[in-house]
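Engineer: let me see the structure of the following:
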Amino acid sequence: MGNICGKEESENFSQPGRVLGSAPPQPERSSVPAKIGGPPRTLGASTPNPNPNPNPQNGSDSNVDEARRRAAEAAEARAQAFASKSTGKLGTQLAAQKKQTRNDTLKEISNSELRQRDADEAAQARTHN
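Structural biologist: Residues are numbered from 1 along each chain as shown. Just a heads-up that it's a prediction; the model follows:
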């Protein structure tokens, strides 16, 4: 009689096993390239900066100032967009939670503990009757 669902011989034990507690064989690892990228670029520039060391005599100091100004304007624009963005129900709940003082938080926790204790006492009273 033969097996109708698969092979007659099992291939699970055809190779030698390893000792219990030993690690499985590790695959070979590839090396990381030593140099990645190209020459440094100025912020906002689409082409590589031909002079990586800015020198005030050749006017590249103004380029650095211009790049800093543009980066600051972009950061301010992102901050304004994030601040005006509608955050929905969870965002409003988070904002309200952030506005709470320490005393407000402790009062809220105390009230929830009192409600829990009252509910437990009511359940106890019902089970004893």
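
Engineer: please count neighbours and contacts with C-alpha atoms only from this point.
Structural biologist: OK.

Engineer: can you classify Pro27 by secondary structure?
Structural biologist: Secondary structure, DSSP: H, G, I helix; E, B strand; the rest coil: Pro27 is coil.

Engineer: near it, how many other residues are there?
Structural biologist: Pro27: 6 surrounding residues under other CA atoms under 10 Å.

Engineer: shaky segments in this structure?
Structural biologist: Across the chain, the ranges flagged by pLDDT under 70 are 1-10, 12-13, 32-38, 41, 45-60, 86, 129.

Engineer: now Asn103: how far from Arg115?
Structural biologist: Asn103 sits 18 Å away from Arg115, going by CA to CA, to the nearest Å.

Engineer: secondary structure element holding Asp120?
Structural biologist: Asp120 belongs to helix 102-128 when assigned by DSSP states H and E.

Engineer: what do you get for Gly44?
Structural biologist: Applying DSSP H and E as the criterion places Gly44 outside every helix and strand.

Engineer: the helix or strand hosting Thr92 to helix 102-128, inter-axis angle?
Structural biologist: Assigned by DSSP H and E, Thr92 belongs to helix 88-99. Counting by axes from the mean of the first three to the mean of the last three CA atoms, to 10 degrees, helix 88-99 lies at 110 degrees to helix 102-128.
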